[in-house]
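1. quick one, fold the following:
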Amino acid sequence: MAPAAGKQTTSPLTIVFFGLGAVGSSMLICLAELAERDGIPVRFKVFSIDPATARDALYHAERLMKRIEIIGVPSFDPLLALEGPGVDKLAGASLLVNAAIPQFNCPIIELGIRLGAHTLDLASDMYNPETATSLTFNQYAHDAALRERGVAAVINMGVSPGITNFLIGDQICRISSEHRKELEIESIDLYLLEDIDADAIIFSWAPAVALDELSQSPLQLRNGRMIVHEPFTAARDYQFPYEPRVWRQYPLYQEELLSLHRSYPEVEHIGVYTGGSEVELVKALHQLNLLSKETLGANPDLTIEAVVRAAMPGMKKPRRIEDYLRSGVIRRTHFCAAAEIRVSEWVRNERQTIIETVGLSFRRYRELLGTPYAGATYISYPTAVGAAILGWHTLCHVRGEPGSIAGVVTGEDLARLLPRPRIDAVFRDLVAWDIDLFASTRDATGA
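-> Numbers count the residues shown, from 1 in each chain. Modelled structure (predicted):
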């Protein structure tokens, strides 16, 4: 594999992780592999409230342990305030990664500003009244301070959001660069498939996260205004590449929607949809009224939903996931994301409409066996690899051109800010790490 494009330096990098779960461990491994490929020495420092679990998450990455220091802490709070034991470990950090929970995003960004380090997170703390009203991620409160310091907070990384928004952003940059007269982007619709065929109920995310996301009243942008749907209504059918059948897709309120709306305010129709086995399970719980807030007995805290959440199986440990895959309990998986960008313009005295489709697919889950990634879920692996590849190329670019990327930055922003050779290198790396990319153009005039 050829070295990444762009100006490089060989001085050592220090990358700091806060937390190290299913996504964080695979992300660290991918960053280590990218660094080895590019000949850049990297040290990893991992702060964890549960260092034994963090160490166990790297059980197939023994050869990397000489470059990894795992530091147990009772809480992240003193560290984020630059107080107490472990603060000296932050010296010289180039990148701070929030691999814990979204509530740490802003404190880690504040720490990055103080240290002069870039930061990266995987998701936003968005299911709250403030975000619902402002339609703005709380990380943007630090945008001015980041720009003044000359560092970036790369937010909502992973496979979706993250790579999906990067693909959309790159395609829109291509479309817009033509400067075609009266060309209009009419809509952006993102379709997600998360499907697993297994003999056991296996959540690829923590069940609480799945319930939180899928039971929200989904939003869509229609005619320039946000509209609210009841959960699991306003469904569509969609045919994904590599799939033998059509999948039912339901509107979803997730980071992609708010991010795309902020980046492309002129686009009046934006929607995010999801489907697959885990979605159908949560839909069944919802339709059986098992996610009801209705109380049971005299205890106001004892709701039907609380009982169901308590009874739900937890997310399986990496070793158990690997056992399921080796033994054939997990038979087939597919994560796929397809974004349809509807574009219209005048051609030969009539309005012509085309749909530009860009997307990705991860189907080779079984091939993770025998690699350091064995034990990742079919969702955590592409999420981790997507975040690592985008984060790595961004970090390498700003090392060569300090200050060229600063402030709060999303996937679609990176498609605009990174040079073309670097973007092409991102695409090659995604494919090298078994994430297939696809694109097509079709006529939709009159449709």
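2. so where's the stretch 201-350 of the chain shaky on pLDDT?
-> Low-confidence segments of the stretch 201-350 of the chain, defined by pLDDT under 70, span residues 207, 214-215.
3. can you pull out the helices in it?
-> Using DSSP state H, counting those that start in this stretch, the helices of the stretch 201-350 of the chain run over 207-214, 255-263, 277-287, 304-311, 318-327.
4. between those, which one is nearest to T233?
-> helix 277-287 (10.5 Å; Cβ to Cβ). (Glycine included, C-beta is placed from N, CA and C.)
5. got the buried residues for that closest one?
-> Across helix 277-287, burial judged by 16 or more other Cβ atoms under 10 Å covers S277, E278, V279, L281, V282, K283, L285, H286.
6. what's next to stretch 176-190, contact-wise?
-> 160, 164, 168, 172, 175, 256, 260, 264, 266-273, 337-346, 353 (Cβ atoms under 8 Å, 6 or more residues apart in numbering).
7. can you check stretch 233-250 too?
-> Here stretch 233-250 makes contact (Cβ under 8 Å, 6+ apart) with 191-193, 195, 218, 220, 231-232, 251, 273-276, 279-280, 283, 334, 336, 338, 359, 361, 363, 438.
8. ok, now which ones touch P161?
-> A123, Q254, E255, E256, S259, T410, G411 are the contacts of P161 under Cβ under 8 Å, 6+ apart.
9. by neighbours, which of those wins?
-> When neighbours are taken as other Cβ atoms under 10 Å, the top entry among the contacts of P161 is G411 (30 neighbours).
10. can you tell me how far that one is from A447?
-> 28 Å (Cβ to Cβ, to the nearest Å).
11. so which residue is dead centre in this structure?
-> With the centre of the chain defined as its mean C-alpha position, the nearest residue by Cα atoms, centre = their mean is G158, 2.8 Å away.
12. now do that residue against F240, distance only.
-> G158 sits 19 Å away from F240, going by Cβ to Cβ.
13. adjacent strands (with direction) for the longest strand along the chain?
-> The single longest strand within the chain, with elements called by DSSP state E, is strand 330-347. Applying DSSP bridges to the sheet, strand 330-347 is found paired with strand 184-198 (antiparallel), strand 350-362 (antiparallel).
14. can you tell me which of those strands is most buried?
-> Mean neighbour count (mean count of other Cβ atoms under 10 Å) peaks for strand 184-198 among the strands paired with strand 330-347, with a mean of 20.
15. that strand vs helix 207-214, what angle?
-> Angle, strand 184-198 to helix 207-214, by axes from the mean of the first three to the mean of the last three Cα atoms, to 10 degrees: 150 degrees.
16. give the contact list for the nearest residue to S48 once chain neighbours are set aside.
-> Spatial nearest neighbour of S48, chain neighbours left out: A54 (3.9 Å); criterion: Cβ to Cβ, 6 or more residues apart in numbering. Residues near A54 by Cβ under 8 Å, 6+ apart: G19, L20, S25, V46, S48, I70.
17. please narrow those residues to those residing in helices.
-> Using DSSP state H, the members of the contacts of A54 that fall in helices are S25.
18. what about the contacts of A54, which one has the most neighbours?
-> S25 (30 neighbours).
19. quick one on the thing from earlier: including distance to F427, could the helices of the stretch 201-350 of the chain go into TSV?
-> Shown next, in TSV, are the helices of the stretch 201-350 of the chain (distance: least, Cβ to Cβ, whole Å):
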stretch	distance to F427
helix 207-214	28
helix 255-263	19
helix 277-287	28
helix 304-311	40
helix 318-327	27
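20. of the ones you listed, which is nearest T136?
-> Nearest of the helices of the stretch 201-350 of the chain to T136, taken as Cβ to Cβ: helix 255-263 at 7.0 Å.
21. check which helices and strands that closest one sits against.
-> Counting contacts by 3 or more Cβ pairs under 8 Å, 6 or more residues apart in numbering; DSSP states H and E, helix 255-263 packs against helix 164-177, strand 184-198, strand 219-222, strand 269-275, helix 411-417.
22. give me that answer again for 7 Å
-> helix 164-177, strand 269-275, helix 411-417 (3 or more Cβ pairs under 7 Å, 6 or more residues apart in numbering; DSSP states H and E).
23. closest one to D424 among those?
-> Checking these against D424 by Cβ to Cβ gives helix 164-177 as the closest, at 9.9 Å.
24. just how off-centre is that closest one within its chain?
-> A distance of 17 Å separates the C-alpha centroid of helix 164-177 from that of its chain, computed with Cα atoms, centre = their mean, to the nearest Å.
25. mind listing what's buried in it?
-> Of the residues in helix 164-177, those with enough neighbours to count as buried (16+ other Cβ under 10 Å) are T164, N165, F166, L167, I168, G169, D170, Q171, I172, I175.
26. and what of stretch 121-137?
-> For stretch 121-137, by 16+ other Cβ under 10 Å, it's D121, L122, A123, S124, D125, M126, A132, F137.
27. check the last one and give its pLDDT.
-> This means F137. pLDDT for F137: 96.
28. once you drop chain neighbours, what's closest to it?
-> S124 (4.5 Å).
29. ok, now how distant is H393 from R37?
-> Distance, H393 to R37, using Cβ to Cβ: 12 Å.
30. equivalent analysis for A100, please.
-> Relative to R37, and taking Cβ to Cβ, A100 is found at 27 Å.
31. of these two, which one has the most company?
-> Set side by side, A100 and R37 show more neighbours around A100, with 21 against 15, by other Cβ under 10 Å.
32. which residues sit in contact with the more buried one?
-> F18, G19 (Cβ atoms under 7 Å, 6 or more residues apart in numbering).
33. what pLDDT does the model give M1?
-> 38.
34. same list (the strands paired with strand 330-347) but as TSV, adding distance to V385.
-> Converted to TSV, the strands paired with strand 330-347 look like this (distance: least, Cβ to Cβ, whole Å):
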stretch	distance to V385
strand 184-198	16
strand 350-362	9
